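> Build me a model from this:
(chains A, B, C and D)
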Number of protein chains: 2
Amino acid sequence: MAKKQLTELLRQEGLSITSPRLNVLAVLDESEGPLSVENIVERSTIQIPLSTVYRVVADLLDARIVSTFSSPDKKLLVELTRSTSGHHHHLYCQSCEKVFDIDLDTKIERLIENVIKDVSDSHGMRVYDHSFEIYGTCDRGGHHLKSGQD
Amino acid sequence: MAKKQLTELLRQEGLSITSPRLNVLAVLDESEGPLSVENIVERSTIQIPLSTVYRVVADLLDARIVSTFSSPDKKLLVELTRSTSGHHHHLYCQSCEKVFDIDLDTKIERLIENVIKDVSDSHGMRVYDHSFEIYGTCDRGGHHLKSGQD
DNA sequence: TCAATAAATGATAATGATTCTTAATATTTA
DNA sequence: TAAATATTAAGAATCATTATCATTTATTGA
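Predicted coordinates:
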C-alpha cells in the first residue's frame, strides 16, 4: 500500500500524520501476519522507541485501524484491521513463533455464533467478542528459529 | 473434598505433602471457577507468598493436577483439572471479572476438531491445543465489583 | 507562509505480573 | 530419629507495558 493511502487512513480517523504512525502502519502493511511491538521496532526503517510504538498502537486501536490480541506468552500482537475481512482467528506455531490468520468458513462461524448465543443466554451475559485459537508446531527446522512473521 | 483426598492427589503424583500445596489445593477445590494467583492468596487460610503460589501452581501443573490459562488482562488463572471433565472452554465477564467454565456439546466439539484438522493440515502443523473463549458483561450491579469466583 | 496552539514524541522512570536466588525449614527415607 | 533431599520464604531481578514530562512536531488560522 502506498504511503499516501496510509496517510489517508490516519486522516480519515482524525489522527494527525506523524512519522512514527506512518512507519508503524507501513511495517504492519508489509507483514503477512500479526506482529509484536518488538517486531515492529525491528522492521521499522526509522528508529522508534518501544514506548512510542505502544502509544501509537493504542491510538490506532482506538481508531480501529489496527486490532490487537495476545500471544500464548502474553505479548501484545498487532495487525491491520483492514488486512483481514473482519472477524478471524489465529494459528500459533510454538517452534517458529509465527502467527497465522485463519478464516473459518461461514457455516462454521455461524454455528459458533449459535453456540455463543446459547451459552451467553444461559449465563445472562451480553457478549462482545469471542476468540478461537489453535496452538501447534510446524516442525520445520527446529525450535525458536526466529520471531517474526513473513 | 476432604484434606485426606487432597493429600492423596499429591501422593499419587509423587509430590511431597506440604502445607502451601495442600492449602492451594483446598482453595481451588472450594472455588466454583478458575482463580488468579492473587485470588488464591486472598482465600488461603494460611499466609503464602505469591512466589510460592506460582511455584506450587507450576508443580501442580507439571503433575497435571491443575490446569492454567490466561485471563484477558493476561493474568494466570488456575483450576483443578479434575473439577472439569477434561477439555472445556471459558466465558469471561468484563464487569465482574469472573470466569466461568463452559462445556460445548459433543457434536460442536467434534465439529471444531474437524475444523482444526483442516486448518492444521493446510498449514502443515501438528496441533497440540486449542482454545475458545467468550467475552461479555453480565451487567449485574455495575463494573468491577470484585475479582474472584464464587 | 509563519507564528500560536495543541498534540505527539523521546527518554526514562514506574509499575505489575512473574521468575529467580539463596539461606532456612520441612519432608522423606533409611 | 538422623541424614539426605526437596521445598519454602523473602526479597531481588526481569520482562512487558504504562506513565511522566520536557522537548519537538503537526496543525491551524491569520
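
> looking at chain A, which helix or strand does the model trust least?
Within chain A, no helix or strand scores below helix A:106-123, which has a mean of 89 by mean pLDDT, DSSP states H and E.

> Which strands or helices does it pack on?
Under the contact definition 3 or more CB pairs under 8 Å, 6 or more residues apart in numbering or on different chains; DSSP states H and E, helix A:106-123 sits against strand A:126-137, strand B:89-93, helix B:106-123, strand B:126-137. Placement of C-beta: from N, CA and C, glycine included.

> let's see it at 7 Å
Helices and strands touching helix A:106-123, by 3 or more CB pairs under 7 Å, 6 or more residues apart in numbering or on different chains; DSSP states H and E, are strand A:126-137, helix B:106-123, strand B:126-137.

> what comes into contact with it?
Helix A:106-123 has contacts (CB atoms under 7 Å, 6 or more residues apart in numbering or on different chains) with A:127, A:130, B:91, B:100, B:102, B:104, B:108, B:111, B:115, B:134, B:136.

> so it versus strand A:126-137, what angle?
Helix A:106-123 runs at 130 degrees relative to strand A:126-137, counting by axes from the mean of the first three to the mean of the last three CA atoms, to 10 degrees.

> Now helix A:106-123: buried residues?
Residues of helix A:106-123 classed as buried: A:108, A:111, A:112, A:115, A:116, A:119, A:120, A:123 (neighbour count, 16 or more other CB atoms under 10 Å in any protein chain shown).

> send the alpha carbons of it over as CSV?
As requested, the backbone C-alpha atoms of helix A:106-123 are provided in CSV (Å, rounded to 0.1, in the frame of the first residue of the first chain):
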residue,chain,number,x,y,z
THR,A,106,-19.3,-19.0,7.1
LYS,A,107,-21.2,-22.1,8.1
ILE,A,108,-18.8,-22.9,10.9
GLU,A,109,-18.6,-19.3,12.0
ARG,A,110,-22.4,-19.1,12.1
LEU,A,111,-22.5,-22.3,14.1
ILE,A,112,-20.1,-20.8,16.6
GLU,A,113,-22.3,-17.7,16.9
ASN,A,114,-25.2,-20.0,17.8
VAL,A,115,-23.2,-21.8,20.4
ILE,A,116,-22.2,-18.4,21.9
LYS,A,117,-25.8,-17.3,21.9
ASP,A,118,-26.9,-20.4,23.9
VAL,A,119,-24.1,-20.0,26.4
SER,A,120,-24.5,-16.3,26.9
ASP,A,121,-28.2,-16.6,27.3
SER,A,122,-27.9,-19.3,29.9
HIS,A,123,-25.5,-17.1,31.8
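
> could you give the angle of it to strand A:89-93?
If you take the same axes, to 10 degrees, helix A:106-123 sits at 100 degrees to strand A:89-93.

> mind checking how far helix A:106-123 is from the chain centre?
23 Å (CA atoms, centre = their mean, to the nearest Å).

> Likewise for stretch A:117-130?
Offset of stretch A:117-130 from its chain centre (CA atoms, centre = their mean): 24 Å.
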